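Participant: Just to be clear, the model below is a prediction. Sequence and coordinates:
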Amino acid sequence: MPEVRYTPRVKLTVTVITLNEAENIGPALESVSWADEIIVVDSHSTDDTAAVARRYASRVEVRDWPGYSAQKNYAAEMASNDWILSIDADERVTPELAAEIRALAAGTPQARGYRIPRVTWYLGRWIRGTDWYPDYQLRLYDRRAGRWNGRAVHESVSLDGAPGVLRHDLQHHAYRDISEHLATIDRYTTLAAGQWLAEGRRTSAAGAVAHAGFAFLRNYVLRRGFMDGSAGLIVSALNAYYVFLKLAKLWELQHQRSEPPPSPPGQEGASARQAPPSPSGQEGASARQAPPSPPGQEGASARQAPPSPPGREGASTRRAR
């Protein structure tokens, strides 16, 4: 079937932010090679990310990392066009999604931004259940009407007006294995807990467990994670673990104190009792270390020097004469 050609009325810039994504960036940019412009903003990668990106991108810029939202907004500001398609380095635009976007650009978009369903490849299969699907992401937008918000994690575009919805999936190749998934959970829950504390949210240890339990039921039963077999069970469990760890870290932040912890019960004043008491009858033993003088020798120390002979008093003071 010949490729359908579109004459765009709306020009599109694809933006990608990267850090050490040499393995992923090539396929990601290849999937959007049809775009009018591609901009990559790299955060000083130590691998070949920037070199690979330059094979595809219109522009590659290396700059310090200011945070997810700030970096994505910076990439959008660099664009020559107002319409932005923002993807991550581990995502791929399928031919079907590309055709849908290009058809939209050939006409007049009816919304200022569009949500795209995202499907994730994990443990050897596409996950079609749990909270992971359809994981709608607002990635196609007019920068004059939308900006990335300032959240520490799971940032999103704040759009003026209601977004439209596209039909075809954006592919997400999230984690190589469970170990990488767990490392990401640990990193993201730390960021999320700090964000929630700053927003004034509070929780309890029991609340963390209860919310995690509900998260598992929602993912595995209500969102049909069981349809994805063993992978769906693992995703459901790890999604619940994410909820638990985020709330547990929030609880920990609530209870942190700068002062030292109190002494355990019954140990008050322990420092005053570090030296054990003297055995009964030994009080003042240090005062009795020297044995008493024999009878008649009291004050012997005062008589160690014999008295001066008569007429020699004060002789020591006259030696210098």
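Facilitator: That came through fine.

Participant: Can you give me the distance of Trp121 to Arg151?
Facilitator: 25 Å (C-beta to C-beta, to the nearest Å). Just so you know, the C-beta spots here come from the backbone N, C-alpha and C atoms, and that holds for glycine as well.

Participant: same thing with Asp135?
Facilitator: From Asp135 over to Arg151 the distance is 17 Å, taken as C-beta to C-beta.

Participant: now Lys72
Facilitator: On the measure of C-beta to C-beta, Lys72 and Arg151 end up 12 Å apart.

Participant: Report how many residues lie close to His44.
Facilitator: The number of residues packed near His44 is 12, by other C-beta atoms under 10 Å.

Participant: Isn't it up against Gln71?
Facilitator: No - His44 is not in contact with Gln71 according to C-beta atoms under 8 Å; the separation is 11.9 Å.

Participant: Need the overlap of contacts for the two.
Facilitator: Here His44 and Gln71 have Trp65 as joint contacts, going by C-beta atoms under 8 Å, 6 or more residues apart in numbering.

Participant: which stretch of helix or strand covers Gln171?
Facilitator: Taking DSSP states H and E as the criterion, the element that holds Gln171 is strand 170-173.

Participant: for that strand, packing partners?
Facilitator: Based on contacts counted as 3 or more C-beta pairs under 8 Å, 6 or more residues apart in numbering; DSSP states H and E, the elements that strand 170-173 packs against are strand 91-93, strand 118-122.

Participant: Now with 10 Å, please.
Facilitator: Counting by 3 or more C-beta pairs under 10 Å, 6 or more residues apart in numbering; DSSP states H and E, the packing neighbours recorded for strand 170-173 are helix 22-30, strand 91-93, strand 118-122, strand 125-127, strand 137-142.

Participant: which SS class is His44?
Facilitator: The three-state assignment at His44 reads coil, by DSSP: H, G, I helix; E, B strand; the rest coil.

Participant: which residues touch the residue nearest to it when sequence neighbours are not counted?
Facilitator: The shortest distance from His44 to any residue other than its chain neighbours is 6.0 Å, reached at Val62 (C-beta to C-beta, 6 or more residues apart in numbering). Listed by C-beta atoms under 10 Å, 6 or more residues apart in numbering, the contact partners of Val62 are 18, 40-45, 49-50, 53.

Participant: isn't Pro134 right up against Trp126?
Facilitator: No - Pro134 is beyond contact range of Trp126, at 11.7 Å (criterion: C-beta atoms under 10 Å).

Participant: if I look at those two, which residues touch both of them?
Facilitator: Each of 119, 169 lies in contact with both Pro134 and Trp126 under the rule C-beta under 10 Å, 6+ apart.

Participant: what about Asp42, neighbour count?
Facilitator: 23.

Participant: Ramachandran coordinates for the residue lying closest to Val93 once chain neighbours are set aside?
Facilitator: Take Val93 and drop its neighbours on the chain: the residue closest to it by C-beta to C-beta, 6+ apart is Ser31, 4.4 Å away. Summarising the backbone geometry of Ser31 under the convention degrees, to the nearest 10, its torsions are phi -70, psi -10.

Participant: per-residue pLDDT, Ser31?
Facilitator: Listed pLDDT for Ser31 reads 99.

Participant: and what of Ala320?
Facilitator: Taken from the predicted model, the pLDDT recorded for Ala320 is 38.

Participant: got it, and Glu155?
Facilitator: At Glu155, the model reports a pLDDT of 89.

Participant: Pretty sure it sits against Ala70.
Facilitator: Yes - under the criterion of C-beta under 10 Å, Glu155 makes contact with Ala70 at 9.4 Å.

Participant: which neighbours do these two share?
Facilitator: Looking at what touches both Glu155 and Ala70 (by C-beta under 10 Å, 6+ apart), the common residues are Trp148.

Participant: tell me which element Ala152 falls in.
Facilitator: With DSSP H and E as the test, Ala152 turns up in no helix or strand.
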